[in-house]
Each structure stands twice: as structure tokens, then as C-alpha cells.
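Enquirer: would you be able to build a 3D model of this:
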Amino acid sequence: MLEHWLPLSMVLLLFAGILSGYPVALVLGGVSAIFLLFSDLPFAFSNLMLTRVYANALNNWLYVAIPMFIMMGLLLERTGLARDAFRVSERLLRRLPGHLALTVLFIGGLMAATTGVVGASVVLLAVLALPRMLDAGYSASVSAGLISASGTLAILMPPSVMLIILSSLVSVPVGHLFKAALIPSALLLLLYTLYSLALAWGQRRSPLTDIKRPPDEQQGGGVWRNLLALFPFLVLIPIVLGTIVYGVATPTEASGVGVLAVLGFAGVMQKIDVESVVTAARETVVSTAMIMMLVITATCFSLIFKGVGGDGLIRSSLGLMGGGSWSVLILILLLVFVLGFFLDWLEISLILMPIFVPIITQLELSNGLTGGALLVWFAILFAINLQTSFLTPPFGVSLFYLKGAVGDRVATLDIYRGVLPFIAIQLFVLLLILLFPGLLML
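Expert: Numbers count the residues shown, from 1 in each chain. Have a look, this model is predicted:
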């Protein structure tokens, strides 16, 4: 055990820094620098680290798509295009039981399939839907859970920023990951919908199915008006997601076209102004800078962690727990799930994926998957697992977005209670993909 004291010390110092409230990117960079200086790694290791940072982060054209997708999501929210789509969807679904819940899921799915940005989706749904759901008689916990889960669809459903990062870490084409994620995303949306309908069916006499609407919202509006509000999403999905999945365009190309399309739609509908574009651009720069800082410092941390024997520590720990290849895989997924309570998906991915990929390729799972197909399957399992980290208390990112958007209208404990059924649904889908890899379009 003494030979593993350096990687153990790195892990302990990392958690101490994170729990202290210091920015995670600076903690990763600081811990990496300390152990690079005080370990017995050769000086040439510094050159290797710089080369790895340049190759994996600064020279990776795939990462250019990240700010574009973030910009798309923010523009849809800032220009009011997403708000119009929400109001039209609510009118179209108004005759169905629990139509507000279905509207939240529908818009959450549309936002996820066009932008891949969780923050914009959760905040938009919280501002638009939560007050109406509370006034209509939905409980605070049900409303909060549904909004958080619907907004979090964006992290798995293509074009997902998470899948772009994972494709770089596992060295598989991002289009393959996008294609493989379609069925799990559809399963999640279907199960969320069934759960919402079950709630409405179980409370047929409650306001869930007897919602009084203001007089100006009871009219359905013209067909052309409804189509016009949904038109941007109906066009964005094929030109962004469709072109990537079928190999017509790269994610970078498709994301750029998507931003131009959103600006064009907003201009035609007279919903664009300089302030909205500048604000969206500023927030995009901040978010992208944060992601790239984490990519750089986590790359350094992972390399040094492996250099001081961290991969040996993990292998030894997995071996001490016994079991065969399936046990190792389940332990890895369990570790990722537990870390999701405390760390963000980006930190977990950037630190652990480079260590786990070599382990996965050596496992004998006997499920018919090898090579790239095996890595795609593992990446999707990893992504579904990490999706729960957005909802798991106390540090679930979607929970913070929701709380920040609604303030004191919903108690923190109500938010925690509301997300539990959706975490269970996510774990059920994870189990399905684990047992039946044929569900993926590999």
C-alpha cells in the first residue's frame, strides 16, 4: 500500500481543495503543479504534459463546436424563440391530461435536440413553466423534479456537449456517439412522459387535469402562427443533429450553421436586438473559458496522476474487490455514480475516462462488442451515469440552476424530493443499456 501513497495523496488533496470552495480548475492545476515538483517524475515529463495539453485541448478542432452550441442555446432563450415555442406547445397540448407537464417535456426535448446546453434549458423552463404549474395545482416537488429532469435531457441527447468531450477522450467519432445516444435519449423522454401521465391519471380530479387557463390563452391560434413558432426547432434539428449523425457535416460545421440559422430566424421574426446577442456572446465566452480551463488542468492532473502510479492504484483497488470483468465494469459505474454527488460531470470525465478506457478494452465481457463499438457502448453508459450527477443532491448542477431561477418559491428539500423518481428512471435506462447493448445503434 505504501507504493500508492503519492496517488492517494493527490486524490485527498484534490477533494480537500474542492470542498474548500476553491475553483475546481485552479485546484486541478495547483495539485498537478505540486506533485510534478515534489515527485520523482523526470523533467522531460513536463514537455510530455505540454504536448498532451496542446494535442488534446488547444489543437482539437472538435472543441470549436462547444461555444457554438452554447451560443445557440442562449440565443434561443434570449431572443424569445424558445418562449414562443413553449406557449404554442401549451396551446396545442391543452386538451391532454397534465398538459403543462407534457409541454415541459416537449420543450425540454426540443431544446436538447438543438443545443445540448443544460443551463439554458433548465432556466428557461423554470421561468416559464414553474409559476404556471404551481398556480395550476402541481406540487412544488413534482414541478421542480420535472423541470430539472427535462432540462437535463440536453446533456445526453445529441448534439450534447458531454458527448463531444467524451468522443475526444475515448477516440471515437462524435457522430457514432450521437447516433448511439438517440435510443437512450428517446427512452428517457418516453419514460418521463409515462411517469407524468401516470401522475395525471392518478389524480384525475386534481388540478393536474383540470387547469383553468386565462381567457387569452384558451384560443388555439391559427395553424400558421403555431407552425411559425415551432418552425425554428423543426428546421434546426435536421440541419444540426441530422447532418452530424449521417456524416453530412462535422459538429463544428453544423454548430456554426445552427448559430447562423437561429440569428436568421430571430431576424425574420423581429426578435433580435444588439443587447441580446452581446449578452449571449458574453455568457458563451465565460462558459467556454471555464470548460477549456478545466480541460487543460484536468489533462495535466490525469497525466501526472498516471505518472505517479494512479492507474496502478485503481487497478489494484478493483482487483482487491474481486469478481470478473462484469464486476469491474459495475464497480466503475458505481464509482462514477457516487462521485456525481460531489463533482461535476466535466471533472469526472476528464480525470477518470483516460484511466478507465485502457481497463475497459482489456475486459472480457462476452457481449459481442469489440474495438470501437465497445468504447462507444461504454461511453454511452458513462454518459447516462453522469446525467444523474446533474440531479443528485447536494451538488447537482440542474438543481442549482433551478434554485437560482425560482428563488424562494420552491424549497430546497422539495427540489431534492422531486428529482428522486427521475434519478430512478435514469438508472433504469442505464441498466437496460448495460444488459442489452443491442439497443444502441452501433
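
Enquirer: low-confidence stretches in the stretch 1-150 of the chain?
Expert: 1-3, 116 (pLDDT under 70).

Enquirer: and the helices in it?
Expert: Assigned helices in the stretch 1-150 of the chain, in chain order: 5-19, 24-38, 44-53, 65-78, 81-92, 99-114, 118-136, 140-152 (criterion: DSSP state H, counting those that start in this stretch).

Enquirer: dump those helices to CSV, plus mean neighbour count and distance to residue 375.
Expert: Every C-beta, even on glycine, is put in place using the N, C-alpha and C of the backbone. Below are these laid out as CSV (neighbours: other Cβ atoms under 10 Å; distance: least, Cβ to Cβ, whole Å):
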stretch, mean neighbour count, distance to residue 375
helix 5-19, 16, 24
helix 24-38, 18, 25
helix 44-53, 14, 19
helix 65-78, 25, 20
helix 81-92, 21, 34
helix 99-114, 26, 24
helix 118-136, 22, 24
helix 140-152, 27, 24
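
Enquirer: any idea which helix or strand carries residue 276?
Expert: helix 274-307 (DSSP states H and E).

Enquirer: which helix or strand lies directly C-terminal to that helix?
Expert: Following helix 274-307 toward the C-terminus (DSSP H and E): helix 310-320.

Enquirer: the next helix or strand after that following helix packs against which elements?
Expert: Later in the chain than helix 310-320, the nearest helix or strand by DSSP H and E is helix 325-339. Applying 3 or more Cβ pairs under 8 Å, 6 or more residues apart in numbering; DSSP states H and E, we find helix 325-339 packed against helix 310-320, helix 345-361, helix 371-387, helix 412-435.

Enquirer: and among the ones you listed, the most buried is which?
Expert: Burial of the helices and strands packed on helix 325-339 is given as mean neighbour count (mean count of other Cβ atoms under 10 Å); helix 371-387 ranks first at a mean of 23.

Enquirer: what comes into contact with that helix?
Expert: The contact list for helix 371-387 (Cβ atoms under 8 Å, 6 or more residues apart in numbering) reads 152, 155-156, 160, 162-163, 166-167, 170-172, 176-177, 180-181, 184, 329, 333, 336-337, 340, 345, 348-349, 353, 356-357, 360-361, 365, 369, 426, 429-430, 433-434, 437, 440, 442.

Enquirer: centre of the chain to that helix, how far?
Expert: Averaging C-alpha positions (Cα atoms, centre = their mean, to the nearest Å) puts helix 371-387 14 Å from its chain's average.

Enquirer: next, the angle helix 325-339 makes with that helix.
Expert: Here the directions of helix 371-387 and helix 325-339 differ by 30 degrees (axes from the mean of the first three to the mean of the last three Cα atoms, to 10 degrees).

Enquirer: how much does helix 371-387 deviate in direction from helix 140-152?
Expert: Here helix 371-387 points in a direction 150 degrees away from that of helix 140-152 (the same axes, to 10 degrees).

Enquirer: show me the contacts for residue 196.
Expert: Per Cβ under 8 Å, 6+ apart, neighbours of residue 196: 98, 101-102, 105, 146.

Enquirer: make it 10 Å
Expert: 97-102, 104-105, 142, 146, 149-150, 208 (Cβ atoms under 10 Å, 6 or more residues apart in numbering).

Enquirer: ok so, going back, of the helices and strands packed on helix 325-339, which is nearest residue 303?
Expert: Smallest distance to residue 303 across the helices and strands packed on helix 325-339 (Cβ to Cβ): 8.0 Å, for helix 345-361.

Enquirer: elements contacting the closest one?
Expert: helix 5-19, helix 24-38, helix 161-170, helix 274-307, helix 310-320, helix 325-339, helix 371-387 (3 or more Cβ pairs under 10 Å, 6 or more residues apart in numbering; DSSP states H and E).

Enquirer: got CSV for these, with distance to residue 195 too?
Expert: Output for the helices and strands packed on helix 345-361, formatted as CSV (distance: least, Cβ to Cβ, whole Å):
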stretch, distance to residue 195
helix 5-19, 33
helix 24-38, 33
helix 161-170, 23
helix 274-307, 31
helix 310-320, 35
helix 325-339, 21
helix 371-387, 16
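
Enquirer: so which of those helices is nearest residue 250?
Expert: Here helix 161-170 is closest among the helices and strands packed on helix 345-361 (Cβ to Cβ), at 10.9 Å.

Enquirer: that older thread, and the helices and strands packed on helix 345-361, which one averages the lowest pLDDT?
Expert: Lowest mean pLDDT of the helices and strands packed on helix 345-361: helix 310-320, a mean of 72.

Enquirer: show me what that one is packed up against.
Expert: On a contact count with 3+ Cβ pairs under 10 Å, 6+ apart, helix 310-320 meets helix 5-19, helix 274-307, helix 325-339, helix 345-361.

Enquirer: that helix vs helix 5-19, what angle?
Expert: Going by the same axes, to 10 degrees, helix 310-320 makes 100 degrees with helix 5-19.
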